[in-house]
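Enquirer: structure here, sequence nowhere to be found:
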């Protein structure tokens, strides 16, 4: 055991991800995609993938390249591979977005953007799975939070597999009847595997460890945590494997998805109980901005689940599925992601810059790299804006939606500027900023010190 | 060539609150060429991996239920000096008692790391610092290695407290 080094390219993932989020919010403000067009329209799909891959998946990958080694106490299998991986993912995303633009008739060229996207994104995500998979595989038996990540990565594989089929069918390369069926009926499985399995379930695993760490709460490894893992895994298996089996046997997909929904609710309840326990059992009474904002995002998840159940019982779920997806993406995942990003960027920057001289000279604290009151205003604006936008979607008032999305964009830029200031050490008092023996960190990559 | 394993079960000693290190080292000393050690313990004995690693033993650890661990230590085929050139020789011997002890379990991260590095800077070469933490100090270890300090660490039998011993400058001296 030699401890864990800094992940070299994580900051590049974070920077690209935040830019993708700003771009997506800009498109929504410009009236491109849902709710101005139908949720299944090419423009909406372009928007959804810019958020799901460009923002959320790159954020998650960048975080996991740093975080999985911490979870399993083993250096990342390759600290150089993440850069070519990022290039493949960004190129693949660009091809996919152009493919949707082609599908909608915005651009007219015969080039096969969809097959190109399938190859590039497929290769990029295979490298992600390879690098993280090898790191995890070497450290079996895994601690509980890492098992959530493993299930998340399996869901990513399923999401990408389905996505590749869709891209090849839409690109006109695949014409087998079975694959056409999968494309016609498999969308709910693709969405559940992506938003539910890959992004949400992985975030659960990450949250168990990070919240315990930052709030000085006990690590949870008891029955409820194992229950959340097993029941959640069962839910995802029923949805993904059962759903695929239903499509292949021409059974209605609603059955496995309904069963998975029941199991998923139980898993969410177990997870919710655990998280409440973490917040209550914490030793640190005054918690930092990241933990407070993560709390709001977690509450948003609970509200989203309640809303989904309410819509289902009212028989209106299909009319408002867009609102539920919007809330999952922005109120829960983006809220949680931005909250944790705010802490992780500060911590990694602090460690990179001041780690080598700790104890040898006066150094700033991690909290000196951030200005929480200023960032808190942007976070508050962001969450209020998301709620306004979501309510306007429920009430179908497009002008209010624009207002909400405009405020989301403004808040995201505000948070982005704060992250940049942290990375640039701009919040640190000039006298303390660069003591002897330190160098300012590069914006986009971390120097990995030889040990 | 199949390795023959000699069993050492330190679980009763650990459960009684005892320190099994001496018994393990005695058993290691008695091993014939080609023989290995099968250790049964109530936790994953991480510090021992380093100690025996520097004596040329590779290990395979697995949890065997009830929180107990089985570790197979096999003699490496090559000389220990070649397999672990970076390990300080002093790491295998007994260390002096700590001159400073700190309990960092209730500190916010990364305050435990800051305090340990600051204390180590103020200590003389060869002195030992002992610190209690609430998790493995993953980001501290590369920094200790870079500064030439040797360390031994592992979870206490309660499974919640991580105890690390740091010997200032010991890795540098051995290099």
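Expert: Perfect, I can see it now. Quick caveat: nothing in here was measured; it's all calculated off a predicted structure. Numbers count the residues shown, from 1 in each chain, chains lettered A, B, ... in the order given.

Enquirer: just the strands in the stretch 351-451 of chain A please.
Expert: Per DSSP state E, counting those that start in this stretch, the stretch 351-451 of chain A carries no strands over any range.

Enquirer: so where's it uncertain?
Expert: Applying pLDDT under 70 to the stretch 351-451 of chain A picks out residues A:449-451.

Enquirer: which ones are touching residue A:201?
Expert: Under the criterion of Cβ atoms under 8 Å, 6 or more residues apart in numbering or on different chains, the neighbours of residue A:201 are A:148, A:151-152, A:155, A:232, A:236. All C-beta atoms are positioned from the backbone trio N, CA, C, and that covers glycine.

Enquirer: out of those residues, which sit inside helices?
Expert: Secondary structure of the contacts of residue A:201 is defined by DSSP state H; positions in helices are A:148, A:151-152, A:155, A:232, A:236.

Enquirer: from those, keep the buried residues only.
Expert: A:148, A:151-152, A:155, A:232, A:236 (16 or more other Cβ atoms under 10 Å in any protein chain shown).

Enquirer: and which of the ones in helices among the contacts of residue A:201 is nearest chain B?
Expert: Proximity of those to chain B was ranked by Cβ to the nearest Cβ; the top entry is residue A:148 with 17.8 Å.

Enquirer: and the residue lying closest to the closest one once chain neighbours are set aside, how far from chain B?
Expert: With sequence-adjacent residues excluded and distances taken as Cβ to Cβ, 6 or more residues apart in numbering or on different chains, residue A:148 is closest to residue A:205, at 2.7 Å. Residue A:205 sits 16 Å away from chain B, going by Cβ to the nearest Cβ, to the nearest Å.

Enquirer: break chain B down into its domains, please.
Expert: The record assigns chain B these domain ranges, following automatic domain parsing: B:4-77, B:90-174.

Enquirer: mean pLDDT added to those domains, as a markdown table?
Expert: Converted to a markdown table, the domains of chain B look like this (pLDDT from 0 to 100):
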| stretch | mean pLDDT |
| --- | --- |
| domain B:4-77 | 82 |
| domain B:90-174 | 88 |
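
Enquirer: strands of chain B, start to end?
Expert: Counting by DSSP state E, chain B forms strands over residues B:4-9, B:35-41, B:57-65, B:68-75, B:100-103, B:128-133, B:150-155, B:162-167, given from the N-terminal end onward.

Enquirer: reformat these as CSV; add distance to residue A:329.
Expert: Below are these laid out as CSV (distance: least, Cβ to Cβ, whole Å):
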stretch, distance to residue A:329
strand B:4-9, 54
strand B:35-41, 47
strand B:57-65, 39
strand B:68-75, 43
strand B:100-103, 44
strand B:128-133, 37
strand B:150-155, 39
strand B:162-167, 38
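
Enquirer: among those strands, which comes closest to residue A:22?
Expert: Ranking those by their distance to residue A:22 (criterion: Cβ to Cβ) puts strand B:128-133 first, at 39.2 Å.

Enquirer: hmm, that closest one touching chain A?
Expert: No. Strand B:128-133 stays clear of chain A (Cβ under 8 Å from any Cβ of the partner chain), getting no nearer than 11.4 Å.

Enquirer: packing partners of that strand?
Expert: With contacts defined as 3 or more Cβ pairs under 8 Å, 6 or more residues apart in numbering or on different chains; DSSP states H and E, the secondary structure elements packing on strand B:128-133 are strand B:100-103, helix B:111-121, strand B:162-167.

Enquirer: now with 10 Å, please.
Expert: Helices and strands touching strand B:128-133, by 3 or more Cβ pairs under 10 Å, 6 or more residues apart in numbering or on different chains; DSSP states H and E, are strand B:100-103, helix B:111-121, strand B:150-155, strand B:162-167.

Enquirer: of all these, which one comes closest to residue A:63?
Expert: Closest approach to residue A:63 among the helices and strands packed on strand B:128-133 (Cβ to Cβ): helix B:111-121, 20.5 Å.
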